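In: I would like to see how this sequence folds:
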Amino acid sequence: MQGRITVQRFIIALTGASGVIYGIELAKQLLDRGMEIHLIASEPACLVLEQELDWRITANMEETFRSYLPYDNLLIYDNNDIGARIASGSFVTDGMIVIPCTMASLAAIAQGSARNLIERAADVIIKEKRPLIIVPRETPLSAIHLRNMLVLADMGVSIIPAMPGFYHKPQTIQDMVAFMVGKVMDAMGIEHNVFNRYDN
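Out: From the prediction side, this is the model:
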């Protein structure tokens, strides 16, 4: 069948919200499972990587990401490259995850502005009716934020706020990160044991 892909292929987008560790951990989990990951990071996301994970970001973004994520099944894109193949509906993927997602990116996706590769790729996912997961990271939420989330939810987009649970008794930051990444993987239909599930 034309367009069929044999290896699961996902787009992961990192935006400039706090919690970029969620996106990096999700990428690692999927890459370790042999999935093909197409990664986009906005310029603000790179600043957060420096601030929160102590990454050393250089002018060569691909070289930088490969130094921290040395996987052959990882493809890295410049957010300004609006002509990249993932900006086309004819490039078939299993879905896209924006993790973490700023309110600015969420608003742009909800309104279909498609000004950069992250926004355009998300726009393509929506129009092609493929799975899109948004992981917003902001608090408190304004009425504007909530309206934009409702717009996306009404289109079938999964909204998974970065709200770690505590019933699994997390002991470290990594435990809380794993919980959120596991919740995203649940929504993707991927089996995992990255956190301990609630058990009566």
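In: what about residue 166, which helix or strand?
Out: Element membership of residue 166, judged by DSSP states H and E, is empty: it is in no helix or strand.
In: Distance of it relative to residue 92?
Out: 39 Å (Cβ to Cβ, to the nearest Å). To be clear about C-beta, it is placed using only N, CA and C from the backbone, and glycine gets the same treatment.
In: all helices for the chain, in order.
Out: 20-32, 43-53, 61-68, 103-111, 117-127, 143-154, 173-188 (DSSP state H).
In: what angle do the fourth one and helix 43-53 make?
Out: So that's helix 103-111. 140 degrees (axes from the mean of the first three to the mean of the last three Cα atoms, to 10 degrees).
In: okay, and the helix or strand of the chain with the least pLDDT?
Out: Least confident helix or strand of the chain, by mean pLDDT, DSSP states H and E, is helix 61-68 with a mean of 93.
In: Quick check: which ranges of this protein have low pLDDT?
Out: 1-5, 200 (pLDDT under 70).
In: returning to what we had before: for residue 166 and residue 92, indicate the residue with more neighbours.
Out: residue 92 (13 against 9; other Cβ atoms under 10 Å).
In: doesn't residue 9 make contact with that one?
Out: Yes: between residue 92 and residue 9 there is a contact under Cβ atoms under 8 Å: 7.4 Å.
In: Quick one: the helices of the chain as JSON lines, columns for distance to residue 14 too.
Out: Output for these, formatted as JSON lines (distance: least, Cβ to Cβ, whole Å):
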{"stretch": "helix 20-32", "distance to residue 14": "4"}
{"stretch": "helix 43-53", "distance to residue 14": "4"}
{"stretch": "helix 61-68", "distance to residue 14": "10"}
{"stretch": "helix 103-111", "distance to residue 14": "10"}
{"stretch": "helix 117-127", "distance to residue 14": "9"}
{"stretch": "helix 143-154", "distance to residue 14": "18"}
{"stretch": "helix 173-188", "distance to residue 14": "13"}
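In: Those helices: which one's closest to residue 85?
Out: helix 117-127 (9.9 Å; Cβ to Cβ).
In: quick revisit: output the least confident helix or strand of the chain as CSV, nothing but the C-alphas.
Out: Extracted C-alpha coordinates of helix 61-68, given in CSV (Å, rounded to 0.1, in the frame of the first residue of the first chain):
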residue,chain,number,x,y,z
MET,A,61,22.4,22.2,16.3
GLU,A,62,22.5,18.7,14.7
GLU,A,63,26.0,18.1,16.1
THR,A,64,24.9,19.3,19.5
PHE,A,65,21.8,17.1,19.7
ARG,A,66,23.8,14.1,18.4
SER,A,67,26.4,14.6,21.2
TYR,A,68,23.6,14.1,23.8
